[in-house]
Structure formats: C-alpha cells, structure tokens
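Engineer: Just to be clear, the model below is a prediction. Sequence and coordinates:
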Amino acid sequence: MKTSYPHISSRIFPAVTILAAALFATPLPATAQIPTFASGNGITVQSSAQYPNGSRTVVINIATPLISKKAIRVGSHQVWITLPKDYSSAKSKRYPVLYLLHGGGDGWAGQWVSGGGKIEELTNGLDLIVVMPEGGKVGWYTDWVKQVGGEQKWESFHINQLIPWIDANLRTDASRNGRAIAGLSMGGFGALHYAFRHPDLFSYVGSFSGAADLQEPATQLTIAEQSVVNGFLPNGAFGPVISGNWKVHNPLRNVEKFRGLNIAMYAGSGAHDLDVIERTMGFSTYRFHQRLDERGIPNTFWMYGRPKGTTGCNGGHNWGCWSFALKDMLPKMMAALSKPGGQSGAAPATTQKSKTVRPTLKRL
C-alpha cells in the first residue's frame, strides 16, 4: 500500500505534492521491515509506508468516525510512529511508548519528524517507540462541546481508540509505567490534560511551552480566534468561557490529580521582551508549577530563558526550543519508564524532589 505525504505548509506547490506521493509509492528496500498495522478499536487502516527521509518512521493513514476530515489540516488523518533501531530484529522485545503531541496553528501529526522537529535524531539509540497522532487544526485534545462543522472527539479518539490500537499492533509495554505523554504549546496542554484525566494510563508527562492554564484570557482568546479562522464556532471546544467546563479541563485547577505522576515542564522567556505567546505560556506554566509546589506534588520546571549559542534555542515559541527541551527531557523520562522487557526504571514520582530553574522575568 502507499501513503500520500502532506507538506507542513498549506501553501504547497502541486509539484511538491506529486513528488512526495511518488516517494511514498517507491517500494521499500528488501532489508527494510515495517510492522503490519491492522484495523481495530474503531480505527480503519487505509495505508501505511515508511517515511522516505527517515528509516525508523512509519506513516499510517487511518479513518475514525470520531474525527471529521474537516478538522484535520493536512487532508488525511495520519499517525506517525518512530520505532527503535532494533524493532524488526528484536522479536521478543517490548518497548515503552511516548505519545508526542503537536501544537495548534499550522500544527499536524508529522511535524515532530518533518516539520521542524528532530525526533529521529533525538531518539537515536533509545529503546523507545514514539507515537505522533493527529490533534486537529484547533482540536485542543478534547471532545468538543459543539460538534458543528464536523465531528471532533479528540480525547475519546486518543484514549479509547489510539492507545489500545497501538498496543494491539506494536510490541509495547502496555503498563502505566511503560507509557509517557508530552507535547508542545496546544500539545503541552493536551499532554497535561490527558495525564490528569487518565492517570492510570501514563506515568510521565512533559510540557514544552504548554498552555497549563486553560482559563488564561490570552489562551481562551487564541482558541476562539483559531476556531473561527478554521471554520468552527468560537466556543465549540469547551463551550462558553463562563461555563464550568473550562475549569473541569484546566490542569491548573486540577493539580491534585497530578499526584503520583512524573512531571517535567519547560518554557522560555521569549525571543524578546514582547514575545507575547511564549511569555504567556511561560507564566502559565510557572503558576502551574507554583500550585503543584503548594500541594507538595513533586515536579520539575525549567524556565530556560534565552539559552542561545549551540542550543539552537533563542527562548521563543519555536522548534529550536522545543527540540532543545525534548532533548533534555528524554534521558530523564527513559530513566523513569519501564525498561524493555518490563523491568522497572527509576523511583516513582512521589520520591522525586521539586526542581525549578528559572531566570528573573517581568510580567508583560
């Protein structure tokens, strides 16, 4: 089967689309082995292929009645999966899984591989499966209150369909201690959101420039604006801002439910002092960190400022910084997760100390 490959930008030249499709249609070398993905758990597999520029990544086209095609930016509903180097040869080995979520705006499932992210490079040599699912144009990792404009039940899809489907198709460690979740910006919210609502599924959660306070006015305005731009109701995701549903889904208002999780959070101080997006996410994350500390819930928060230099990060809301943060998080996460074969990793979160590293910041 062949899989069409969408470019990161919606402003794509037809010739590029044709070239990408041709690449996916090219038969795989005899030595390259990718898993066979079967339909199940409400997911219909339409096609799958190896990503041409990354030997460890597989792209699967799927369909599910829970998600409308209108809600997806790139046109086809895809799940991107980066496998460990020895996945094909180590037939009896089971691996921990990181669910890695994309952000809003121009975000889509493949960005962590081909849209600025460096997941192949950063996970090289790790015994880890990385699953990068679609999160929609402005999905916000929730079951939308108002489905006008197309079905959007993202939480139900990811939790009730995707995770069981991954466990059924790949040699995963399907225990809580073998599963982590992380994401950037909108995906940072998504990771925190899923972690506190489903603590039985995840043992580690990471947020990069995440919207830790769903009721932050700037975040609410962004959700409404992006919803309208993409043809949906401004309050479709969570309902009117005065409704209690925003609080129900807000990580900041549900900190007690994070107890027992390994929590890692990262943010920059902005590429400059007027970098509203990153600074808003930074203060949102800092408030969330403070609330966790007040409750005595262990967590790690690194406000890394503007590291620059060889880091590739200028402190802004960009891929250089998200890759920088993920690179720092991965070894800590791997130490905490189960080892391949089911052996325990590091001590549970309840024994870890809270850590904050941050420069002095001024609120805008």
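Structural biologist: That came through, no problem.
Engineer: could you dump stretch 225-237 to CSV, C-alpha only?
Structural biologist: Output of stretch 225-237 as CSV, limited to C-alpha atoms (Å, rounded to 0.1, in the frame of the first residue of the first chain):
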residue,chain,number,x,y,z
GLU,A,225,-9.8,33.1,17.2
GLN,A,226,-8.3,29.9,15.7
SER,A,227,-11.6,28.2,15.8
VAL,A,228,-13.3,30.9,13.8
VAL,A,229,-10.4,31.1,11.3
ASN,A,230,-10.7,27.4,10.7
GLY,A,231,-14.5,27.5,10.2
PHE,A,232,-15.7,26.4,13.6
LEU,A,233,-17.7,28.0,16.4
PRO,A,234,-15.5,30.2,18.7
ASN,A,235,-16.8,28.3,21.8
GLY,A,236,-17.1,24.9,20.1
ALA,A,237,-14.3,23.1,22.0
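Engineer: Just the strands from the stretch 201-350 of the chain, written as ranges.
Structural biologist: 204-208, 262-268, 300-305 (DSSP state E, counting those that start in this stretch).
Engineer: How many residues are close by Thr310?
Structural biologist: Residues lying near Thr310 (other CB atoms under 10 Å) number 6. The way it works is simple: take the backbone N, C-alpha and C, and place the C-beta from them, glycine included.
Engineer: And it, what's its pLDDT?
Structural biologist: Looking at Thr310, its pLDDT is 94.
Engineer: Pro340 too?
Structural biologist: 71.
Engineer: which non-adjacent residue is nearest it?
Structural biologist: Nearest residue to Pro340 in three dimensions, chain neighbours excluded: Asp127, at 4.6 Å (CB to CB, 6 or more residues apart in numbering).
Engineer: Surely that neighbour and Arg94 touch.
Structural biologist: No: using CB atoms under 8 Å, Asp127 is not in contact with Arg94, being 9.5 Å away.
Engineer: quick one: common contacting residues for these two?
Structural biologist: By the contact definition CB atoms under 8 Å, 6 or more residues apart in numbering, Asp127 and Arg94 are jointly contacted by Pro340.
Engineer: list the contacts for the spatially most central residue of the chain?
Structural biologist: Against the mean C-alpha coordinate of the chain, by CA atoms, centre = their mean, the closest residue is Leu101 at 1.3 Å. By CB under 8 Å, 6+ apart, the contact set of Leu101 is 132-133, 135, 141, 181-184, 186-188, 190-191.
Engineer: for the stretch 201-350 of the chain, what spans make up the helices?
Structural biologist: 217-229, 245-248, 276-294, 319-336 (DSSP state H, counting those that start in this stretch).
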